[in-house]
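Undergrad: Everything below, folded, please.
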Amino acid sequence: MSVRQACVSLICLGLLGYFSYHMFVGEYGLESRARLQTEIKTLEGERRGLQALRQRIERDVSLMRADKLDPDMLDERARAVLNFSHPNEIIIMTNPGATLPKP
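TA: Numbers count the residues shown, from 1 in each chain. Below you'll find the model as predicted:
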């Protein structure tokens, strides 16, 4: 085996080692891919939770539209925001320092 053949073999072996190392550890390697797969699963779970929240909010908003206004939803929101109640309702105070709502 000549010196030239030995140098070519060493260079090829070095390149093979270099690319093999980066195939596993590099920025686009297998370890990075596994980390990205884990992150994708986490973000998909978060996305599903946000979609459920959005659907609930859209449902509540659709009940408040003028063309199909739900009287119960309107009454519930008005009471919560304005802190009003009907005179014949029984009010159970959960906070002892709270004041009575206006009739």
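
Undergrad: Wasn't A66 part of a helix?
TA: No: the assignment for A66, made by DSSP: H, G, I helix; E, B strand; the rest coil, is coil rather than a helix.

Undergrad: Least confident secondary structure element in this structure?
TA: Within the chain, confidence by mean pLDDT, DSSP states H and E is lowest for helix 71-82 among all helices and strands, at a mean of 79.

Undergrad: quick one, phi psi at L69?
TA: With angles defined as degrees, to the nearest 10, L69 sits at phi -70, psi 130.

Undergrad: Any buried residues in the least confident helix or strand of the chain, and which?
TA: By neighbour count with 16 or more other C-beta atoms under 10 Å, helix 71-82 contains no buried residues. C-beta here means a position set from N, CA and C on the backbone, and glycine is covered the same way.

Undergrad: So which residue is smack in the middle of this structure?
TA: Geometric centre of the chain, nearest residue: E46, 2.5 Å, by C-alpha atoms, centre = their mean.

Undergrad: Now do the least confident helix or strand of the chain: distance to the chain's middle.
TA: 30 Å (C-alpha atoms, centre = their mean, to the nearest Å).

Undergrad: Show me what the lengthiest helix in the chain is packed up against.
TA: Longest helix of the chain, by residue count under DSSP state H: helix 30-63. Packed against helix 30-63 by the contact rule (3 or more C-beta pairs under 8 Å, 6 or more residues apart in numbering; DSSP states H and E) you find helix 3-25.
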